[in-house]
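**Q** Sequence and computational prediction follow.
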Amino acid sequence: MRARIFRRFLWTGFLLFTGTLLILEIYLERFTADYQQAELKSRLAAVASVLAAEPVGLDRNQFVLRAAAQSGLRIAILTSDGTVLADSRGDGHSELSLTRPLASPESPASTVRVSAPLQPLADAVIGLRLRLFAAALVSTLLAGAIALLFVRSFSSRVDRLRQYVEGLLDPQLPDNELPSADDGLGQLAQSLRRTAPRIRDLVERLKVEGAQREAILSSMVEGVLAVDKDLRVTFCNESLARTLGARVPVPAGVPLTHFVRDPGLLEIMTRVLTSGVSMDAQRLTLASTEAYSFEVLASPLEGPTGRGALAILHDITKLEMLERVRKDFVANVSHELRTPLASIRGYAETLLDGALNDSEYNRKFVEIILAHSIRLNNIASDLLVISDLESEKSAQAQPKPVSLRASVESALRTVESGARVRQIQIVTDAMEDIHVMGHELRLEQAFVNLLDNAVKFNKPNGEVRIEVKRVESAAVVSVADTGVGIPSEEVPRIFERFYRVDKARSRDVGGTGLGLSIVRHVVEQMSGSIVVQSQLGKGSKFTITFPALSREPVVL
């Protein structure tokens, strides 16, 4: 920057100065030549006037030689037709001549010519040119030195202004580095000195506001996405990036098609960019590692480079899942209640229509009504249990240390009669006395449901194997059976309410379809987890893991 200014000033000054000297030299040369030529003409005129008045006599040669010696000029006498009668010098050099008619009676119709050579004039002009060139050279060098000093001083002041402007946002930047002269640069420096604090304050406020907006947008649960006029991502908060499995943070300038390949979102953003009008909430499903459903609100976003678009994506995946669960639950409850209610109504109407007096079937019909009533009662009881487990009151109940071995043994006593009837052998491999934090009645109920399923869905002469052991800081309870097993595609859904793998057999053995759902709620409420391993036709194994207490509680 400094060298560029220096060269520009130096060459501009040099060209101006050189041009001025050249014009001055040409003018002085012409002026000097014209002046000397005019002086010579005046001298020639004066000499010619004097000679024209003198008598020539008979000897013309003596006259012209004597006149030439006296005047130092070339003198000649010519006839009226230009014939030379006498000449003081016979060379043919370039000369300036002037003629006058002779008044002497000895030479009628004759003229005298007075001539002077032009070479002295040319030599004088050349000498003047050399002197002017020398003077111009000295002046150019002197002007160059002065210009160099000026440009260096000017460049130094400009550099100080540039350094001050580049460090304008530094609050520690000293003001005494600025030029303090009264010229234009000094006034510019004073303006910068007055403006700098306001600029720093404005930038700091913009930084704070930008950081606040960034923090708010980044911490939002909703996804925030902004693009420019070319559909390139200018901002994407962490929530949306992690949901879509993108790298965090998302670099600015990435094309939207590289970030998310969904025609629905591209259409929304393109429409907002084109129309400049906000769009109402629209539901959209984006596929990444999993399928996510969003409610999208989009609006135009004015920016320094043109119109962009801003979209707020509210994740409604869980809400849609809950809606599906609610619909499935209503459908399943309706289905589960319809069959026993239809049976109760049908047999009751049959009895009222006359079968009440039929001694052969009346008792059987009443027993069927009783069985379906018990089934309805069981469904209602299990629904109340699930409702209680999901209620805030149950979640706020104070947990206490519970012995896993005692809970399993109590559950075994409940199902052992059913196991004997079905000829199912129950084996306890390892039963360590491990305590966990939880609710004793709920935990026992969960084990009853788990063991009851293992017995009811087992094969004749089958086996149920139970194990309670400590693995590092965890308590592990496993229940394995040799029953019918669960198809692999059905395993993820077995904990849903009223979901049955074999619907016909479940109703035959009196299941409500809510047992495993209760087990999952109890385990999760105790900060545990449950895993299922099953092979169709070979049996299933349920493994429950709880955080174990570090030592057994002391009972006072």
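**A** Arrived safely, thanks for sending.
**Q** Going by neighbour count, which residues in stretch 144-153 are buried?
**A** The neighbour-count check on stretch 144-153 (16 or more other CB atoms under 10 Å) flags Ala147, Val151 as buried. All C-beta spots, glycine's among them, are computed from the backbone N, C-alpha and C.
**Q** pLDDT on it, on average?
**A** The average pLDDT for stretch 144-153 rounds to 74.
**Q** And for stretch 455-468?
**A** Per-residue pLDDT values across stretch 455-468 average out to 88.
**Q** Can you get me the start-to-end distance on it?
**A** In terms of CA to CA, to the nearest Å, the two terminal residues of stretch 455-468 are separated by 18 Å.
**Q** Also stretch 67-75?
**A** 7 Å.
**Q** which residues are in contact with it?
**A** With contact meaning CB atoms under 8 Å, 6 or more residues apart in numbering, stretch 67-75 is reached by 43-44, 47, 51, 54, 64-65, 87-89, 95, 112-117.
**Q** roughly how far is that stretch from the heart of the chain?
**A** With CA atoms, centre = their mean, to the nearest Å as the basis, stretch 67-75 stands 100 Å off its chain's centre.
**Q** can you check stretch 486-498 too?
**A** Once both centres are worked out by CA atoms, centre = their mean, stretch 486-498 turns out to sit 44 Å from its chain's centre.
**Q** average pLDDT across it?
**A** For stretch 486-498, the mean pLDDT works out to 77.
**Q** now Glu524: how far from Ala480?
**A** Here the distance between Glu524 and Ala480 works out to 22 Å (CB to CB, to the nearest Å).
**Q** What about Lys56, how many residues nearby?
**A** Lys isn't right for residue 56; it's Val. 23 (other CB atoms under 10 Å).
**Q** Show the residue spans covered by the strands in the stretch 201-350 of the chain.
**A** For the stretch 201-350 of the chain, the strands identified by DSSP state E, counting those that start in this stretch occupy 223-227, 233-236, 279-287, 291-303, 306-315, in order along the chain.
**Q** Adjacent strands (with direction) for the last one?
**A** In other words, strand 306-315. Based on DSSP bridges, the pairing partners of strand 306-315 within the sheet are strand 223-227 (antiparallel), strand 291-303 (antiparallel).
**Q** who wins for proximity to Thr195 among these?
**A** Judged by CB to CB, the one of those that comes nearest to Thr195 is strand 291-303, at 26.0 Å.
**Q** chain center to that closest one, what's the gap?
**A** With CA atoms, centre = their mean as the basis, strand 291-303 stands 17 Å off its chain's centre.
**Q** angle of it against strand 279-287?
**A** Taking axes from the mean of the first three to the mean of the last three CA atoms, to 10 degrees, strand 291-303 and strand 279-287 form an angle of 130 degrees between their directions.
**Q** what residues does strand 291-303 touch?
**A** Outside strand 291-303, the residues that touch it by CB under 8 Å, 6+ apart are 223, 226, 228, 234, 243-244, 265, 268-269, 271-273, 276-286, 307-317, 319-320.
**Q** now stretch 343-362, how far from the chain's geometric center?
**A** 77 Å.
**Q** my bad, stretch 120-128
**A** The chain centroid and the centroid of stretch 120-128 are separated by 78 Å under CA atoms, centre = their mean.
**Q** what's the answer for stretch 30-42, then?
**A** Put simply, stretch 30-42 sits 82 Å off its chain's centre (CA atoms, centre = their mean).
**Q** one step back: look at Glu524 and Ala480 and report which has more neighbours.
**A** Neighbours per residue (other CB under 10 Å) separate Glu524 from Ala480, with Ala480 holding more: 20 against 13.
**Q** elements contacting the helix or strand the more buried one falls within?
**A** With the criterion set as DSSP states H and E, the secondary-structure element containing Ala480 is strand 474-481. Secondary-structure packing of strand 474-481 (3 or more CB pairs under 8 Å, 6 or more residues apart in numbering; DSSP states H and E): helix 404-421, helix 440-456, strand 463-471, strand 539-547.
**Q** Which residue lies nearest the spatial centre of the protein?
**A** Centroid-nearest residue in the chain: Ala252, 2.0 Å away (criterion: CA atoms, centre = their mean).
**Q** Quick one: residues contacting it.
**A** When contacts are taken as CB under 8 Å, 6+ apart, Ala252 is in contact with Arg232, Val233, Thr234, Phe235.
**Q** ok, what's across the strand from the last one?
**A** Residues found in beta-bridge contact with Phe235 (criterion: DSSP bridges) are Ala226.
**Q** hang on, isn't it packed against Leu225?
**A** Yes - judged on CB atoms under 8 Å, Phe235 makes contact with Leu225 at a distance of 7.3 Å.
**Q** Pick out whichever of these two has more residues nearby.
**A** Neighbours per residue (other CB under 10 Å) separate Phe235 from Leu225, with Leu225 holding more: 25 against 19.
**Q** If we ignore the residues flanking it in sequence, what's nearest the more buried one?
**A** Beyond its immediate neighbours in the sequence, the residue positioned closest to Leu225 (CB to CB, 6 or more residues apart in numbering) is Ala311, lying 4.7 Å away.
**Q** can you give me the mean pLDDT across the helix ranked longest in the chain?
**A** If you go by DSSP state H, the chain has its longest helix at helix 2-53. Per-residue pLDDT values over helix 2-53 give a mean of 73.
**Q** where does that helix sit relative to the chain's centre, distance-wise?
**A** Centroid displacement of helix 2-53 relative to its chain, using CA atoms, centre = their mean, is 69 Å.
**Q** re the thing from before, okay if I get the strands of the stretch 201-350 of the chain as JSON lines plus distance to Glu39 and mean pLDDT?
**A** Supplementary listing: these in JSON lines, determined by distance: least, CB to CB, whole Å; pLDDT from 0 to 100:
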{"stretch": "strand 223-227", "distance to Glu39": "89", "mean pLDDT": "85"}
{"stretch": "strand 233-236", "distance to Glu39": "86", "mean pLDDT": "84"}
{"stretch": "strand 279-287", "distance to Glu39": "98", "mean pLDDT": "77"}
{"stretch": "strand 291-303", "distance to Glu39": "81", "mean pLDDT": "82"}
{"stretch": "strand 306-315", "distance to Glu39": "79", "mean pLDDT": "84"}
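**Q** Which of those strands sits closest to Ala136?
**A** Taking CB to CB as the criterion, strand 306-315 is the member of these that comes nearest to Ala136, at 58.4 Å.
**Q** Pull out the buried members of the contacts of strand 291-303.
**A** Under a neighbour-count criterion of 16+ other CB under 10 Å, the subset of the contacts of strand 291-303 counted as buried comprises 223, 226, 228, 234, 243-244, 265, 268-269, 272-273, 279, 284, 286, 308-316.
**Q** buried residues in stretch 462-481?
**A** Neighbour-count burial for stretch 462-481 [16+ other CB under 10 Å]: 462-468, 475-481.
**Q** now stretch 413-431
**A** With burial defined by 16+ other CB under 10 Å, the residues of stretch 413-431 counted as buried are Val415, Ala419, Ile424, Ile426, Met431.
**Q** for stretch 216-223, same thing?
**A** Neighbour-count burial for stretch 216-223 [16+ other CB under 10 Å]: Leu217, Ser218, Glu222, Gly223.
**Q** got it, and stretch 244-255?
**A** Buried positions in stretch 244-255, judged by neighbour count with 16+ other CB under 10 Å: Leu244, Ala246, Val250, Val254.
**Q** and which of these is nearest to Leu404?
**A** Lowest distance from Leu404 to the buried residues of stretch 244-255 (CB to CB) belongs to Leu244, with 41.9 Å.
**Q** Report how many residues lie close to Lys456.
**A** Number of residues near Lys456 (other CB under 10 Å) recorded here: 21.
**Q** do you know how far it is from Asn449?
**A** Using CB to CB, which is the criterion applied here, Lys456 is 11 Å from Asn449.
**Q** State the phi and psi torsions of Met526.
**A** Listed backbone geometry of Met526 is phi -100, psi 20, with angles given as degrees, to the nearest 10.
**Q** Excluding residues flanking it in the chain, which one is nearest Val233?
**A** With CB to CB, 6+ apart as the measure, Val254 is the residue that lies nearest to Val233, at 4.8 Å, once sequence neighbours are left out.
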